[in-house]
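Q: Provide a 3D model corresponding to the input given below.
(one chain, ligands or ions: 2)
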Amino acid sequence: MRAAQTSTSAPNAAAPNAAALTTAALTTAALAPAASWRLRTRLELAALPTAVPCARGHVRSVAREWGLAGLADTAELLASELVTNAVQASGSPRTGPTPVVRLGLASDGVSLAIHVWDGCDRLPVRDDADFEAERGRGLMLVATMSQEWGSYRLPGGGKIVWVLVGAVNEP
Ligand SMILES: Nc1ncnc2c1ncn2[C@@H]1O[C@H](COP(=O)(O)OP(=O)(O)OP(=O)(O)O)[C@@H](O)[C@H]1O
Ligand SMILES: [Mg+2]
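A: Numbers count the residues shown, from 1 in each chain. Ligands and ions are numbered 1, 2, ... in the order given. Next comes the predicted model:
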């Protein structure tokens, strides 16, 4: 497994917006051109704990639909961690509409990119937790089980945390 890298800035000059969630801007410029990432989905969920099982099921179904069943376990787990974090970062306002989180999936038929938008501008910071720690394991898992991950703010507000899952990550 290739050592995971992290990035806290948009790795591609073509800055996306939250609505488009284009894969080219969510992964590195070194990856295949955007045109080959032709498989894309987007799902908006209320930023509630129920978003997590919804996201898990969605990721599993889409991975199978796209012929990537071998990536489903890893993708589901990592999506779960990112969506959990996004829900937590969104807070729980007592009045007004419930915030949302957005889950975007994209694939070139080989790898799967997962991107999760939330409305909080604060970027995630990976803790140096060990597996016995009570907190800080989510991003450690993400870094360990992905090919690459990163996060960046969007001009329109909020930020995306993204992760790239490929066959190389399978046990
Ligand atoms: N989407 C996010 N927005 C803001 N901060 C985030 C986001 N995701 C993670 N973080 C922060 O980054 C740090 C590490 O996140 P990580 O998921 O590894 O641990 P955790 O959520 O604190 O605990 P665990 O995932 O083990 O239950 C935490 O301080 C967390 O609040
Ligand atoms: Mg977490």
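Q: mind checking how far the residue in the chain positioned nearest to ligand 1 is from ligand 2?
A: Scanning the chain for the residue nearest ligand 1 gives residue 138, at 2.5 Å (criterion: Cβ to the nearest ligand atom). Quick note: C-beta positions are derived from backbone N, CA and C, even for glycine. Separation of residue 138 from ligand 2 (Cβ to the ion, to the nearest Å) stands at 3 Å.
Q: Next, count neighbours for that residue.
A: Residue 138 has 20 neighbouring residues, counting by other Cβ atoms under 10 Å.
Q: and if you look at the one 10 residues further on?
A: Residues near residue 148, counting by other Cβ under 10 Å, number 23.
Q: ditto for residue 84
A: By the criterion of other Cβ under 10 Å, residue 84 has 17 neighbours.
Q: which residues does it contact?
A: Residues counted as contacts of residue 84 (Cβ atoms under 8 Å, 6 or more residues apart in numbering) are 52, 138.
Q: mind checking how far residue 68 is from residue 51?
A: 22 Å (Cβ to Cβ, to the nearest Å).
Q: Stretch 105-118 - what's its average pLDDT?
A: What stretch 105-118 shows for mean pLDDT is 95.
Q: Apologies, that question was intended for stretch 63-77.
A: Mean pLDDT, computed over stretch 63-77, is 97.
Q: Can you list the buried residues in stretch 45-61?
A: Buried positions in stretch 45-61, judged by neighbour count with 16 or more other Cβ atoms under 10 Å: 45, 47, 51, 52, 55, 56, 58, 59, 60.
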